[in-house]
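Asks: Okay, sequence plus prediction incoming.
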Amino acid sequence: MTTLDFAALAAEADQKHTGKGLKFVAKNGKKIRLRRIEALPGADLKTALALLDLVQSQKVSNERRIDAMTGLLVAVASDKKAMRESVDALPLEQAMTVVERWMEDAAPGEASA
């Protein structure tokens with residue numbers, strides 16, 4: 001009978017996803033990874049999926065979609081504080097560019113690395 005070990009599974013996930021995701025240099029110069037959906041731990045995954053639904057929904061107001069985009073970038077970021085400060089300082093058009101690039105590069109099954 002096989003025994004699964006949390007530490008081994010966590011190490012395997014870390015190794016599999018290390019270096020993957022969209023690279024982003026924050027306002028403070030810190031390098032951040034915008035992680036792929038499958039690399040997110042439980043709470044971040046739930047948050048990201050809910051926000052992704054809002055971003056893609058045509059049934060919500062533009063203001064709510066913009067807030068969801070900001071929240072999504074923070075949820076998938078390896079450094080949430082630096083990402084929040086950066087996205088808050090960007091004009092909407094550039095923030096949307098970051099979201100679009102992340103969706104192209106880091107969505108499940110679509111990114112090559």
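Replies: On my side now, so go ahead.

Asks: which ones are touching the residue nearest the centre of the chain?
Replies: The geometric centre of the chain, computed from its C-alpha atoms, lies nearest to residue 76 (C-alpha atoms, centre = their mean), at 2.2 Å. Going by C-beta atoms under 8 Å, 6 or more residues apart in numbering, residue 76 touches 21, 34-35, 37, 40, 44, 48, 102, 106. No exception for glycine: its C-beta is placed from N, CA and C like everyone else's.

Asks: and the gap between it and residue 21?
Replies: Plainly put, residue 76 is 8 Å away from residue 21 if you go by C-beta to C-beta, to the nearest Å.

Asks: again with residue 57
Replies: Residue 57 is 24 Å from residue 21, where distance means C-beta to C-beta.

Asks: Of these two, which one has the most company?
Replies: More neighbours surround residue 21 than the other of residue 57 and residue 21, with 23 against 12 (other C-beta atoms under 10 Å).

Asks: What does the more buried one show for phi and psi?
Replies: Main-chain dihedrals, residue 21, degrees, to the nearest 10: phi 110, psi 170.

Asks: again, but for residue 5
Replies: The phi/psi pair for residue 5 (degrees, to the nearest 10) is phi -120, psi 130.

Asks: Around it, how many other residues sit close by?
Replies: Residue 5 has 9 neighbouring residues, counting by other C-beta under 10 Å.

Asks: and residue 93, how many neighbours?
Replies: Count around residue 93 with other C-beta under 10 Å applied: 7.

Asks: And what about it, helix, strand or coil?
Replies: Recorded secondary structure, residue 93: helix (DSSP: H, G, I helix; E, B strand; the rest coil).
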